[in-house]
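Trainee: sequence first, predicted coordinates after that:
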Amino acid sequence: MSIKIVTDSTCDLPEEVIQKLGITVIPLYINLFDKGYLDGVEITRQDFYTNLPNYEVHPTTSLPGITSFTLAYQTLASRGATEILSIHISKSLSSTIDVAYAAASEIETIPVTVRDSHQLSLGTGFQVELAARMANEGRSMEEILAALDELMPRTFVAAGLQTLEYLRRSGRMNAFVAGIGSLLQLKPILTMKHGQPASEQVRTTTRAEERLIQILEGFHPLERFALVHTHATKEAKAFLEKVAHLIPKGEMYSMDITPVIGVHIGPGAVGYAVVSKNPIA
């Protein structure tokens with residue numbers, strides 16, 4: 001039995017983890033003007049975030065075609081995989097999983113299980129990593145899915161944004177609301193749990209940081225913690241110092257969020273992905 005794990009480029013796992021665990025990543029696209037770039041392959045995160053405020057036309061994102069998935073599944077099958085588990089960004093945020101389902105239905109050589117992570121960024125990444133580690137240990141698909149069912153309701157992602165402007169530009173929120181937010185200098189906090197995105201708005205960056213810490217305290221004790229940010233290493237490091245007493249010891253990821261998500265939230269966002277030891281209400 002050889003189970004292989006497939007995901008998409010929004011999972012934000014470190015490249016060394018992806019390589020070590022043999023995870024197959026299917027990139028989404030960043031569209032700049034009239035050209036599409038493979039996320040994480042043809043455009044670097046540093047270049048994207050550095051140039052994002054100055055693009056004359058706001059970038060857009062697009063899905064990989066069904067061929068990207070079928071080719072990945074067929075390649076893994078030809079290399080000895082007996083089953084595939086394909087884990088992707090929440091359907092509430094992207095139709096990526098619909099393409100994965102369509103591709104899986106075309107594969108006749110081995111079973112392909114497609115799973116909605118109900119998360120984004122490292123909220124998805126934590127699930128992908130667990131699945132890959134268990135697969136490498138020789139665990140069954142049933143065991144892996146049961147472990148993911150247990151992990152998913154304990155996973156939460158939150159980030160404080162510098163501005164509502166990029167949500168407005170990307171069309172992900174009502175322009176009128178974005179205008180009010182800009183006028184009042186409100187700072188949005190975006191959250192993701194149980195497959196449902198939500199938001200709060202506070203008036204200052206300081207208050208946004210305080211609120212992120214307050215939310216984090218509510219999930220204590222933690223099993224996993226990771227920093228996520230959009231090209232804001234300095235700010236992320238400063239935030240980490242303020243929450244160090246709340247996070248578990250051991251390896252901790254600090255990741256620049258994929259441009260596929262960053263195009264909507266803009267540079268300077270800082271937040272976290274966590275796994276609580278208890279289910280999250």
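Mentor: Yep, it's here.

Trainee: just for the stretch 151-281 of the chain, where's the confidence low?
Mentor: 172-184 (pLDDT under 70).

Trainee: pLDDT score for the closest residue to residue 231 other than its chain neighbours?
Mentor: Spatial nearest neighbour of residue 231, chain neighbours left out: residue 49 (3.4 Å); criterion: Cβ to Cβ, 6 or more residues apart in numbering. Where C-beta positions appear, they are placed from N, C-alpha and C, glycine not excepted. For residue 49, the model assigns a pLDDT of 92.

Trainee: isn't there a strand covering residue 49?
Mentor: No: read with DSSP: H, G, I helix; E, B strand; the rest coil, residue 49 is helix and lies in no strand.

Trainee: measure residue 186 to residue 269 for me?
Mentor: In this structure, residue 186 and residue 269 are 14 Å apart, going by Cβ to Cβ, to the nearest Å.

Trainee: pretty sure the residue nearest to residue 231 is touching residue 229, no?
Mentor: No: judged on Cβ atoms under 8 Å, residue 49 makes no contact with residue 229 at a distance of 9.8 Å.

Trainee: with neighbour numbers in mind, choose between these two.
Mentor: It is residue 229, of residue 49 and residue 229, that has more neighbours when counted by other Cβ atoms under 10 Å, with 25 against 22.

Trainee: am I right that the more buried one is in contact with residue 236?
Mentor: Yes: the criterion here is Cβ under 8 Å, and residue 229 meets it with residue 236 at 4.2 Å.

Trainee: pLDDT (mean, whole number) over stretch 38-46?
Mentor: Stretch 38-46 comes out at a mean pLDDT of 89.

Trainee: now the end-to-end length of that stretch.
Mentor: Start and end residues of stretch 38-46 are separated by 15 Å (Cα to Cα, to the nearest Å).

Trainee: report the buried residues of that stretch.
Mentor: 39, 40, 43, 45 (16 or more other Cβ atoms under 10 Å).

Trainee: neighbour count: residue 186 and residue 269, which is higher?
Mentor: Neighbours around residue 186 and residue 269, counted as other Cβ under 10 Å, are more numerous at residue 269. The numbers are 27 against 20.

Trainee: and the gap between that one and residue 62?
Mentor: For residue 269 relative to residue 62 (Cβ to Cβ), the value is 22 Å.

Trainee: what about the strands in the stretch 101-250 of the chain?
Mentor: 112-116, 155-160, 187-193, 196-202, 222-229 (DSSP state E, counting those that start in this stretch).

Trainee: between those, which one is nearest to residue 98?
Mentor: For those, proximity to residue 98 was assessed by Cβ to Cβ; strand 112-116 is nearest, at 9.3 Å.

Trainee: strand partners (parallel or antiparallel) of the closest one?
Mentor: Strand 112-116 has these partner strands in its sheet, going by DSSP bridges: strand 83-88 (parallel).

Trainee: can you list contacts of the strand it pairs with?
Mentor: 1-8, 10-11, 69, 73, 76-77, 94, 96-97, 100, 104, 107, 110-117, 124, 127-128, 131, 135, 141, 144-145, 148 (Cβ atoms under 8 Å, 6 or more residues apart in numbering).

Trainee: what do you get if the cut-off is 7 Å, keeping everything else the same?
Mentor: Strand 83-88 has contacts (Cβ atoms under 7 Å, 6 or more residues apart in numbering) with 3-8, 73, 76, 96-97, 100, 104, 110-117, 124, 127-128, 131, 141, 144.

Trainee: could you do stretch 251-258 as well?
Mentor: With Cβ under 7 Å, 6+ apart, stretch 251-258 has contacts from 9-10, 12, 14, 39-40, 45, 121-122, 225-231, 236.

Trainee: just to revisit the earlier point, let's have the strands of the stretch 101-250 of the chain in a markdown table, adding distance to residue 26.
Mentor: Converted to a markdown table, the strands of the stretch 101-250 of the chain look like this (distance: least, Cβ to Cβ, whole Å):
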| stretch | distance to residue 26 |
| --- | --- |
| strand 112-116 | 12 |
| strand 155-160 | 21 |
| strand 187-193 | 21 |
| strand 196-202 | 22 |
| strand 222-229 | 20 |
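
Trainee: so which of the buried residues of stretch 38-46 comes closest to residue 196?
Mentor: Of those, the one sitting nearest to residue 196 (Cβ to Cβ) turns out to be residue 39, at 23.9 Å.
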